[in-house]
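Asks: I'd like to go over a predicted model; first the sequence, then the structure.
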Amino acid sequence: MTPGPSDREPSRSAEQIYRPTYGEAQLSWRAVITGCLLGAVVASMNIYFGLKTGWSIGGSLIAAILGFSVWKALASVGFRPLSVLETNIAQTSGSAAGSMTSAAGMLSAIPALGLLGLEFSYLQLAGWALAVGFLGVFYAIPLRNQMVVVEKLRFPTGTATAETIVSMNSSGGAGDALKQARFLLIWALIAAAFTQVKYFYPIIEHPMFANLIAGPERVALINAGDAAASIGATGLFVIAGMWGFSLLISPLMFGAGILIGPRIGTSLLLGAILGWAILGPWSKSQGWAEGSIMSYADGPRGWLLWPGVAIMIADAFANLALSWRTILNTFRPGASAMTDGDEMEPASMLVPNSWWIIGLGIASVITMTVAHSVFGIPWWMTLLAVAMSSVLAMIATRSTGETDINPIGGMGKVTQLAFGAIAPGQAETNVLAAGITSAGASQSGDMMQDLKTGRLLGASPRKQVIAQLAGVCVGIPICAAVYKLFDSQYEIGIDESFPAPAANAWKAMAELLSGGFDQLPPQALPAIIGGACFGIALPVLRRFVKPLAPFVPSSLAMGIAFIVPAYYSVAMFAGSMILVAWKRLSPASAAALAIAVASGLIAGEGLTGVLSAIESLIGLPEGQGITAALEWVFGGGSSGT
């Protein structure tokens, strides 16, 4: 029987889209465990995804859709589907666990420190994640009243998640959710199968079309610099391939392209052309980067790093400057958007002040202890970084609420600049301080999205915070273990497989602030200046020339394209064009299923990428075909070669 109005709790806000029934299940063990398990999956795939692209994806919608769908499917064997509020708890804990990859610095600060020569044990990584993982949660709690209840900032992802949860529980909505889950799982299995086969036959990921078209002898001559062999369209095709303009068959990259859309996808392609087809060859021809193309030490890849980082950093600061109203609003009382009938939740549903005050104090002490014992940073520097983090987290959270963009990179760069003056010449301290700041900004923004979802659904903030803390506790050991696994098998930030663009940007900034301009490659300083001007110009143009705004490329994406091999950008551009074609052929299908398909492609390759790292760790022959692998398995771990 459908509950009537008298069976439901009163609405506490004009924007509330769901009224829970009295006593509706909410903080249940199954909801928390479901969310934590799905969040662990998101955290694992984010390590793989983020070390390739510099981005990560949120776990809210994935946890909501899959969590609801799993229990809905189990209803056929007698289990009760998740309620609306239980689904909200599942997405809350899933989001918290999945976001630990970014919050713990596993895509930026930690690999940047690795590039600076530091090595970490699993316990050190887990300790660091434990130290910074809870800061953002406790920052977000006191901000909720002002930003979510009083000002009613939109927090677009949180709003979309609430609408999705309500839709899944509506008439016909469960069928749509099950369809999305089915497509996600199907494409995840396809991506997983491809990635596993790639482990045995790597050529399927990056086919050598140059050898097929030009022949291996001519390709060898062109690689050796034979000018006569390079003449003609075939020679140009081979040269383009040498500079990275080749086909990468990657489900993850295609999925990423679908998620980012045509503007960012095209920006990546334009950045790849500018960097790898124009500036890179020019730097080599002028003798500024005479080494091999992919050499960081003396090749075009190392030279392109600097203008690419300059574009990314300038973009971060330009967008911060253009958000001056948001920053100003953070430090003055915002206009209330509350209307008649709006009210706070009862005290029994709110988070007691003692929770976040004591929690923040404990988290700060843990952060100071770990920073000093593991990294040798004086306690007062860590305390200063925590204080800066609390202020910058407020700015980041407001930006997330107004624009759905969490400026984590910008927050980190502000701290790097500050600690460049406070601790000159100390690159490691510079990176770690920025890691603390970005952790607070990352977690507080993500947590507030969840609290916005809860407000729209009439959920208990107190129970959501408990779910968030549970998710963080699960995410900490998972992200540390998966990162350590990849770190043991690959040279993160150096291998083409894991270029870690965010980490390279942090490392370059720290080295520049601590070592000065003397360490730069020849003529890199003019390239940095040009890149900075370019990185500022595009956001300004997009903001003030409104008719051109939809067509102005993303300078951040173009900067990333300078750092990652060009074939990554080409593959993500191809994915974005798949979305364009899909929308044109079937707009309704694309709107309903694009995110599910993209998430499946990313999850399938990402999780199987973790499996591949484990296979490499135990010695399973890679790239030698399935026969060699079977001989190894049945030969007791020896391939006989």
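Replies: Yep, it's here.
Asks: Please pull out the lowest mean pLDDT helix or strand from this protein.
Replies: helix 209-214 (a mean of 60; mean pLDDT, DSSP states H and E).
Asks: Helices along the stretch 251-400 of the chain, start to end?
Replies: 251-272, 280-285, 300-322, 324-330, 353-375, 379-403 (DSSP state H, counting those that start in this stretch).
Asks: Nearest to S108, out of those?
Replies: Evaluated over these, closeness to S108 peaks at helix 300-322, with 11.5 Å, by Cβ to Cβ. (C-beta placed from N, C-alpha, C; glycine too.)
Asks: Okay, now the unreliable bits of this protein?
Replies: Within the chain, the segments meeting pLDDT under 70 span 1-6, 171-173, 208-235, 326-327, 329-342, 636-641.
Asks: Please work out which residues outside stretch 383-399 touch it.
Replies: 135-136, 139-140, 143, 147, 153, 323, 326-327, 329-331, 364, 367-368, 405-408, 411, 414-415, 418-419, 422, 432-433, 436-437, 439-445, 448 (Cβ atoms under 8 Å, 6 or more residues apart in numbering).
Asks: Kindly check the end-to-end length of stretch 278-292 for me.
Replies: 16 Å (Cα to Cα, to the nearest Å).
Asks: picking that back up, nearest to M242, of the helices of the stretch 251-400 of the chain?
Replies: Of all the helices of the stretch 251-400 of the chain, helix 280-285 comes closest under Cβ to Cβ, at 9.8 Å.
Asks: and I476, how many neighbours does it have?
Replies: Neighbour count of I476, defined by other Cβ atoms under 10 Å: 25.
Asks: now swap in A581 and tell me
Replies: A581 is flanked by 10 other residues according to other Cβ under 10 Å.
Asks: likewise A387?
Replies: For A387, using other Cβ under 10 Å, the count is 12.
Asks: Next: L322.
Replies: L322 - counted by other Cβ under 10 Å - has 15 other residues nearby.
Asks: Equivalent analysis for Q519, please.
Replies: The burial count assigned to Q519 is 11, neighbours taken as other Cβ under 10 Å.
Asks: contacting residues around it?
Replies: 511-512.
Asks: Equivalent analysis for the one 5 residues further on, please.
Replies: For A524, the contacting residues are 288, 303, 306-307, taking Cβ under 8 Å, 6+ apart as the criterion.
Asks: rerun at 7 Å
Replies: A524 is in contact with 303, 306, counting by Cβ atoms under 7 Å, 6 or more residues apart in numbering.
Asks: measure it to L304 for me?
Replies: Separation of A524 from L304 (Cβ to Cβ, to the nearest Å): 9 Å.
Asks: again with A160
Replies: 37 Å.
Asks: Those two: who's more crowded?
Replies: L304 (26 against 18).
Asks: Surely the more buried one touches P281?
Replies: No: between L304 and P281 there is no contact under Cβ atoms under 7 Å: 10.6 Å.
Asks: Could you dump the helices of the stretch 251-400 of the chain into CSV and include distance to S569?
Replies: Below are the helices of the stretch 251-400 of the chain laid out as CSV (distance: least, Cβ to Cβ, whole Å):
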stretch, distance to S569
helix 251-272, 4
helix 280-285, 13
helix 300-322, 12
helix 324-330, 30
helix 353-375, 34
helix 379-403, 25
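Asks: Among those helices, which comes closest to I626?
Replies: Going by Cβ to Cβ, the one of the helices of the stretch 251-400 of the chain nearest I626 is helix 251-272, 19.8 Å.
Asks: in terms of contact count, name the helices or strands touching the closest one.
Replies: Packing partners of helix 251-272 (3 or more Cβ pairs under 7 Å, 6 or more residues apart in numbering; DSSP states H and E): helix 555-563, helix 566-585, helix 587-618.
Asks: Would you tell me which of the ones you listed gets closest to V77?
Replies: helix 587-618 (24.1 Å).
Asks: ok so, going back, of the helices and strands packed on helix 251-272, flag the one that's most buried.
Replies: helix 555-563 (a mean of 28; mean count of other Cβ atoms under 10 Å).
Asks: who does that one touch, helix- and strand-wise?
Replies: Using 3+ Cβ pairs under 7 Å, 6+ apart, helix 555-563 sits against helix 251-272, helix 300-322, helix 501-515, helix 524-544.
Asks: what sits against the nearest residue to V580 once chain neighbours are set aside?
Replies: Residue nearest to V580 in three dimensions, not counting chain neighbours: P262, with 5.2 Å by Cβ to Cβ, 6 or more residues apart in numbering. By Cβ under 7 Å, 6+ apart, P262 lies in contact with 576, 579-580.
Asks: Same list (those) but as JSON lines, adding distance to L630.
Replies: Listed next are the contacts of P262 as JSON lines, based on distance: Cβ to Cβ, whole Å:
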{"residue": "S576", "distance to L630": "39"}
{"residue": "L579", "distance to L630": "39"}
{"residue": "V580", "distance to L630": "42"}
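Asks: Pick the one among those closest to Q91.
Replies: So of these, ranked by how close each gets to Q91 (Cβ to Cβ), first place is L579, at 24.1 Å.
Asks: So that closest one sits against I260, correct?
Replies: No: using Cβ under 7 Å, L579 is not in contact with I260, being 8.9 Å away.
Asks: How far does stretch 552-567 sit from its chain's centre?
Replies: 16 Å (Cα atoms, centre = their mean, to the nearest Å).
Asks: Give me the contact list for it.
Replies: Residues contacting stretch 552-567 (Cβ under 7 Å, 6+ apart): 54, 243-246, 248, 263-264, 266-268, 270-272, 274-276, 304-305, 307-309, 311-312, 315, 496, 499, 501, 504, 534-535, 538-539, 541-542, 569.
Asks: got it, and stretch 247-260?
Replies: Residues contacting stretch 247-260 (Cβ under 7 Å, 6+ apart): 49, 53, 57, 191, 194, 204-207, 209, 265, 567-568, 570-576, 578-579, 594, 597-598, 601-602, 604-606.
Asks: and the residue nearest to V580, how far is that from A588?
Replies: 19 Å.
Asks: Ok, G136 next?
Replies: 37 Å.
Asks: What of E24?
Replies: 32 Å.
Asks: go on, I293?
Replies: Noted for I293: a distance of 45 Å to A588, by Cβ to Cβ.
Asks: And S460, by the same measure?
Replies: From S460 to A588 the distance is 36 Å (Cβ to Cβ).
Asks: again with K72
Replies: With Cβ to Cβ as the criterion, K72 and A588 are 22 Å apart.
Asks: And for P565?
Replies: 36 Å.
Asks: and if you look at A131?
Replies: Distance from A131 to A588, by Cβ to Cβ: 47 Å.
Asks: Same check on A510?
Replies: For A510, the distance to A588 - Cβ to Cβ - is 48 Å.
Asks: separation between the closest residue to D404 other than its chain neighbours and G35?
Replies: Nearest residue to D404, sequence neighbours excluded (Cβ to Cβ, 6+ apart): P156, at 4.0 Å. According to Cβ to Cβ, P156 stands 21 Å off from G35.
Asks: Which one of these two is surrounded by more residues?
Replies: G35 (34 against 16).
Asks: Could I get the contacting residues of the closest residue to the more buried one other than its chain neighbours?
Replies: Distance criterion Cβ to Cβ, 6+ apart; nearest residue to G35, sequence neighbours excluded, is S93 at 3.3 Å. The contact partners of S93, by Cβ under 7 Å, 6+ apart, come to 32, 35-36, 39, 467-468, 470-471.
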